[in-house]
Every structure is written in structure tokens, then in C-alpha cells.
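Participant: Quick check, what structure comes out for this input:
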Amino acid sequence: MKLKLNKIPTLILGLLLVFTACETEETLVITEPDASFELLQPSISNINLNYNLPDNLAFTIAWNDDLSSSGNYTIELGESPLFETPTAIGTSTTNTFSMTVSEFNEILLSRGADAFEPFTVFMRVNNGSSMSNAVSFSVSSYAETPPVVAGIDNTFSITLVETTPDDEALSLSVEDPDFGDAASVDVIYEVQFARSGTDFDPIQVVTPEEDENGNLVISLTHNELNELALNLGLNAEEAGNLDIRIKATIEMDAGNMERFSEVVTIEVTPFSVELAPILYVVGAGAVDAGWSWDTPIELPLQGVKYSGNINLTNDAFRFFTVNSDWASGLNYPYYEAVGYTIDANLENANDGDSNFYFNGTPGQYFIEIDTDAKTITLGPPVIGPNCNNDQLWLVGAGIVEAGWSWDTPVALPCTGNGTYSGNVEFTNDAFRFFTVNSDWGTGINYPTYEGNGYTIDSDFTNAMDGDSNFFFNGTPGVYFLTVDDINKTITLEPEQLQCEFEQLWLVGAGIVGTGWSWDTPTALPCTGAGIYSGQVEFTNDAFRFFTVNSDWGTGINYPTYENDGYTIDSNFENANDGDSNFYFNGTPGTYTLTLNTVAKTITLEQ
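Facilitator: Reported below is the predicted structural model:
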């Protein structure tokens, strides 16, 4: 009985415990959790990688593992929760894993992330026998791969040609692998050029533009690449190397991010843009030259124009930039290709060298090649000094006789080919040259002459006023001023006597109102350095120049001037009378007669 009594209470107690456990489970959690392998969610859901802090930690993840005690973990990354193509990004022997900014950025870019664009990633941990849950967050990477110069490589070589100035010489495109087509970040691209070996100092920058396909490209013509190459120091007519790279800049508050492409080196041969000081004309069409270098016709450069008298006949000729150098020839197609308008009396000879051919009336002409207006013209021959202007005008407070007014401008006459000269009184103030009387718009200031390569006398400086006029800083007084457009000089010398005589005298039946008498001789006054000029009324008869009034022994006849090398106006000829006087054979009337003892010319203008 004792045994039975002992068993019954035990069963009742068991039943009571069951009920008690059930009732307690409804109100309190006292059971132990199931064993698990759990990756904890990171404390952030968005990560922006900072390229300025590449060694900082980008993230840290942690996990609980109740299923394994191996302590060997592999961390995997995927772009979706299914982990179709997972990437093992690291291992750990603890329950945490960290990665630096630069390490994580490299992985993201390798997985196809676009720089600076949100990119969702999933992570999980593998303990060798089971996988943790996956966590995800959004991350923005930064560009790491440098931009790429595409479309050309180090084998590129080109000889630039002046006759195809607008043809494409160079084209390339900009590629940036870390950015997608829909990138929202602004990237500033520059294509930088430098002479090889200068470490891109100095540089020339070309900004790429977007083409119709959305690609960033640059395209340079022969003219544009030539200017760029010369500006960087390459020598004309010589092959030289240029380095090209792309600079990509992203402007950010934390500091601009700059990336540079690999350098591509190309070979470029520029053409010369400097004007030769003289053009030489050789050929059978240039009567006084022929196909020989013994007596070429010389056309000096004045400013931007070549010009001079030339005797032409119906045959071929060519221009040359270097004396005795056949290879320096410039033929008809050359000028045609660079956009010149050519006189109708000149055409393509269509011979083996495509020379010029003169098809007009044989004779003496004044030929002018204007490199600015791009014209080649033929006109009547010029008798006397040949300049682009009859005179220059000086106006300004530094010119004593002028001041800043057009009432009394000082003229600086053309006294030789491309040369203006005369005595001018200066004081310490500013002035300017002008090509047209009373026209302020024709002024030529100090930087203009300086920029065109003129050597300027040290007594002149830039006035540094609003118009950058000339300033005379020497000792005030009268000086002999010369502006030489051929040799590109502006010089001052001591005052020169204007003329040997105050005036010349004209007497003879060919001078209306004078006749062969000293009662009313006609005076031809000195008006400039070696120049006598004035109005004279002529009729068809003889006359003579005299240096002294009423002195027949001071007469100068036609052969005297002729033998001294003077070029004499065709309206005058040798009277072939007993004294070989001058004879006026033109239309009777009043003319401006000019006798230039410097240029050795006697000219008439009506």
C-alpha cells in the first residue's frame, strides 16, 4: 500500500506541472531561443564614399553565430537578394568585418556601379556550413578609372597644309568608363595640349563638345592645329611632338576631384604663318626677270602688303619667298586655295607648275599682294615713293604743332618705298599715328606697332592711357622721325635740313604766267625732307629748274636729273633744244608738281 500511495501523488504532480507550464507560456517567455546564424543590420542604410578619405572605414558589419564554432567566415556581396553571382569580398575569424573606402569603391566599380550614382548592394556571411540572412544598403561610389583619349594613338602624324586651312586635321573623343550614360554629376572636361617634355607647362586647352550621338569630341582644322602647335613652341616646317591628355574635374564642397588620362603623343609639322620680308618674282612673264635668279623682281612687304612696279608680258611667272630657292615658290593654285581674289589679267598657266600667266596688255604695272584682304591686283605703275599711304598723320599733345585736334595735324610724308619720314617737334606727352586725316578710327597706337614686330626708338614708350598711345620721354625738341614699314622700325635722329634750298625756281615758256624772264619766276617751295612741291600751271612748251632766283647759271635741265637716276613723269620729256630743257607734253592745266630729292622722282598730280 505504501508503494501505491507513493505513485499516485507523483502522477498528480506531473499533471499539475503540465498545466502550470501551459499557463505560464501564455504570459512569460522563459524558453531558450533556437540556435541561429544571424547577420545584424548595419546602423546606416546609405553610404557616400568620400574620395578624400580613402583609408577611412566605409562600413562595419557584425553577426551572431550559434550554429558554428569554426571561426572562419567569408563575406559575400551581390546585387540582388538571390545572390545569382556573388562576390567574396573578404574573410574574418571574428564576428565582425570592415572595409576601407578605397577597397569598397574598387569592388563597387568592378560590379558595374556608376560613379556618384546610388547603387544597392546585398551582403551575407558564409560560415562554411550555412549562410546568414542578407542585409542591404545603398552606396554611392566615386570615379577611380581615369578618362581615356580615344580616336588617336601614339602613331598619329600629320603635316599641316596652308592650302587646306579649313580641312579637319585632328579629331578625338573623350571616354570616361566610370560614368554611365545617365550620370547626374557634372564633370568638366579639358583636352590639354603641350609640347613634349614640358610636363604640360605651358598648355593649350580645347573644350570638347557633344556631337549628335552624345559623344564628347574635339575637331581641329589645319589652321587651328597649326596655331596651337606654333603657340606651344613647335618650329614651322619641322616635325615636332605634342602631348595630349584629358583632365576631368568634379567640383565638390569637400574639394575638387581631378583625374588625368594617360598621355598620347602625336607628331605635327606646322606651316609658317610669318610673312617673308620680300616676295621675289621670276619667270618669262616678268620681262626684267626671266627664268633666272640673276635679276628677280623684288616686292617688299609693307605692313601686310607686297607691292612694286613690274613689267609684264604674256607669259608665265611665279612668286617665291626665298631668293634663289625654287622650292619656296607660290603658284596660282596656292593663292587660290587660301582664298585670294586674283586680278582678271592673271590666270593659271596650266603648265607643269601651275604658274601665273599674264593675259593682259603687255606693259608696266603696279602689282599689290594684300595678305590681309587676300587680293592680288594690277594697276597703273606708281611713279615715286611707294607706301601704303601718301603720308601718316601725327596728332596729340606730344606733337607741339598739333595737339589733340585735327586743325593742324603734322604730316609725315612717304619718302621712299615703305618709309615715312620728316622733322617733327616733340614734347613730353602722348600722341598717335593716323592713316587718314580727320579720322580718329584710323589711329595706330603703340601696342599695334609693337605687336607687329616693330623695333621702336627708346625715346618712345606706351603712354598706358586709355588708348595706349605713344609717349615721348626724350629731351623736347625737333627730331627727324622715320617709320619704316619694310624693316619694321620707328627711329629718331637729329633734325635734318628739310632741303638744300628753301625753294626751286621755274622759268620758261612752258610755265604759264612766267615765260623766259626773271620778272615773275614760279617758286617750288621745300615742303618736306628733300621734297619740293607746289601747284604749277603748264602749257606745251619748254622750261627749266633753277636753284637761285635770277641766276641763269644755276639751271638744272632734263639730262641732269635723268643722269642722276631720277624717275621723271611721262608728261615731261627732253625738249632737245639747245639747252636740253624740260618739255611739258601733257594736257595743259594746273598740276601739283613734286620733286623728291630723296626718292629721286619728279611727279605730277592733277
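
Participant: For the rest of this, base every contact and every neighbour count on C-alpha atoms.
Facilitator: Noted.

Participant: tell me the SS of the most centrally placed residue in the chain?
Facilitator: Centroid-nearest residue in the chain: residue 227, 5.2 Å away (criterion: CA atoms, centre = their mean). Here residue 227 is helix, with the state taken from DSSP: H, G, I helix; E, B strand; the rest coil.

Participant: Can you get me the start-to-end distance on stretch 96-107?
Facilitator: 19 Å (CA to CA, to the nearest Å).

Participant: If you count contacts, what does the helix or strand harbouring residue 524 end up packed against?
Facilitator: Under the criterion of DSSP states H and E, residue 524 resides in strand 522-528. Where contact means 3 or more CA pairs under 8 Å, 6 or more residues apart in numbering; DSSP states H and E, strand 522-528 is packed against strand 503-507, strand 531-538.

Participant: Neighbouring strands - and their directions - for it?
Facilitator: In the sheet, strand 522-528 lines up against strand 503-507 (antiparallel), strand 531-538 (antiparallel) (DSSP bridges).

Participant: Output the shortest one as PDB - backbone C-alpha positions only.
Facilitator: Going back to what we said before, that points to strand 503-507. Coordinates of the C-alpha atoms in strand 503-507 are reproduced here as PDB (Å, rounded to 0.1, in the frame of the first residue of the first chain):
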ATOM      1  CA  GLN A 503      62.800 126.700-102.900                       C
ATOM      2  CA  LEU A 504      63.500 125.900-106.500                       C
ATOM      3  CA  TRP A 505      62.600 128.300-109.300                       C
ATOM      4  CA  LEU A 506      60.800 127.500-112.600                       C
ATOM      5  CA  VAL A 507      61.300 129.700-115.600                       C
END
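
Participant: which residue ranges form the helices in the stretch 301-450 of the chain?
Facilitator: Using DSSP state H, counting those that start in this stretch, the helices of the stretch 301-450 of the chain run over 332-337, 446-451.

Participant: So what pairs up with residue 526 in the strands?
Facilitator: Residue 526 forms beta bridges with residue 532, as assigned by DSSP bridges.

Participant: For it, list the residues it contacts.
Facilitator: The contact partners of residue 526, taken as CA atoms under 8 Å, 6 or more residues apart in numbering, are 498-499, 501-504, 532-533.

Participant: Can you say which of the helices and strands packed on strand 522-528 is packed in most?
Facilitator: Highest mean neighbour count among the helices and strands packed on strand 522-528 (mean count of other CA atoms under 10 Å): strand 503-507, with a mean of 23.

Participant: quick one: contacts of that strand?
Facilitator: By CA under 8 Å, 6+ apart, strand 503-507 touches 514-518, 521-526, 532, 543-549.

Participant: Out of those residues, which end up buried?
Facilitator: The neighbour count (16 or more other CA atoms under 10 Å) marks 514-516, 518, 521-526, 532, 543-547, 549 as buried among the contacts of strand 503-507.

Participant: For the spatially closest residue to residue 139 that is not a sequence neighbour, grab the count of nearby residues.
Facilitator: Leaving aside its sequence neighbours, residue 139 sits nearest to residue 47 (CA to CA, 6 or more residues apart in numbering; 4.5 Å). By other CA atoms under 10 Å, the residues close to residue 47 number 15.

Participant: In this structure residue 47 contacts residue 140, no?
Facilitator: Yes: counting by CA atoms under 8 Å, residue 47 touches residue 140, with 6.3 Å between them.

Participant: Could you grab the helix/strand/coil label for residue 461?
Facilitator: With three-state DSSP as the basis, residue 461 sits in strand.

Participant: residues touching it, list them.
Facilitator: Listed by CA under 8 Å, 6+ apart, the contact partners of residue 461 are 446, 470-473.

Participant: what's the pLDDT at residue 387?
Facilitator: Turning to residue 387, the model gives it a pLDDT of 89.

Participant: and what of residue 591?
Facilitator: On pLDDT, residue 591 comes in at 90.

Participant: In the sheet, which strands lie alongside the helix or strand harbouring it, parallel or antiparallel?
Facilitator: Following DSSP H and E, one finds residue 591 within strand 589-596. The strands that strand 589-596 pairs with in its sheet are strand 531-538 (antiparallel), strand 601-605 (antiparallel) (by DSSP bridges).

Participant: Quick one: closest of these to residue 168.
Facilitator: Between residue 168 and these, the tightest spacing by CA to CA is seen for strand 601-605, at 51.1 Å.

Participant: what's the model's confidence in that closest one, averaged?
Facilitator: Per-residue pLDDT over strand 601-605 has a mean of 92.

Participant: What's the local residue count around the residue lying closest to residue 168 once chain neighbours are set aside?
Facilitator: Of all residues not flanking residue 168 in the chain, residue 221 sits nearest, at 4.3 Å (CA to CA, 6+ apart). If you count neighbours by other CA under 10 Å, residue 221 ends up with 17.

Participant: got it, and residue 556?
Facilitator: Neighbourhood size, residue 556 [other CA under 10 Å]: 18.

Participant: can I assume it is in contact with residue 544?
Facilitator: Yes: the pair formed by residue 556 and residue 544 meets the contact definition of CA under 8 Å, at 6.4 Å.

Participant: tell me which residues form a beta bridge with residue 522?
Facilitator: Judged by DSSP bridges, the bridge partners of residue 522 are residue 506.

Participant: Residue 176 against residue 146, yeah?
Facilitator: Yes: in this structure residue 176 lies within contact range of residue 146 using CA under 8 Å: 6.9 Å.

Participant: Would you quantify the distance from residue 318 to residue 238?
Facilitator: Taking CA to CA, one finds residue 318 at 25 Å from residue 238.

Participant: Of these two, which one has the most company?
Facilitator: The neighbour comparison of residue 318 against residue 238 (other CA under 10 Å) goes to residue 318, with 23 against 12.

Participant: low-confidence ranges in the stretch 451-600 of the chain?
Facilitator: Applying pLDDT under 70 to the stretch 451-600 of the chain flags residues 497.

Participant: Compute the number of surrounding residues for the closest residue to residue 127 other than its chain neighbours.
Facilitator: Closest residue in space to residue 127, ignoring its immediate chain neighbours: residue 73 at 4.7 Å, by CA to CA, 6+ apart. Applying other CA under 10 Å, we find 19 residues neighbouring residue 73.

Participant: now do residue 305
Facilitator: Neighbour number of residue 305 under other CA under 10 Å is 22.

Participant: Next one: it from residue 486, what distance?
Facilitator: Separation of residue 305 from residue 486 (CA to CA) stands at 10 Å.

Participant: and if you look at residue 382?
Facilitator: 17 Å.

Participant: ok, these two, which is more surrounded?
Facilitator: Set side by side, residue 382 and residue 486 show more neighbours around residue 486, with 20 against 15, by other CA under 10 Å.

Participant: Quick check: that one touching residue 302?
Facilitator: Yes: using CA under 8 Å, residue 486 is in contact with residue 302, at 5.0 Å.

Participant: Common neighbours of these two, please.
Facilitator: Listed as contacting both residue 486 and residue 302 by CA under 8 Å, 6+ apart are residue 418.

Participant: need the helices for the stretch 101-250 of the chain, in chain order.
Facilitator: All helices of the stretch 101-250 of the chain, identified by DSSP H, counting those that start in this stretch, fall at 101-110, 222-231.

Participant: Against residue 469, how distant is the nearest residue to residue 361 once chain neighbours are set aside?
Facilitator: Distances taken as CA to CA, 6+ apart place residue 313 nearest to residue 361, at 7.4 Å, with adjacent residues excluded. Computed as CA to CA, the residue 313 to residue 469 distance reads 47 Å.

Participant: out of the two, which sits in the more crowded spot?
Facilitator: Higher neighbour count among residue 313 and residue 469: residue 469, with 24 against 19, using other CA under 10 Å.

Participant: Can you give me the distance of that one to residue 460?
Facilitator: As judged by CA to CA, residue 469 and residue 460 stand 10 Å apart.
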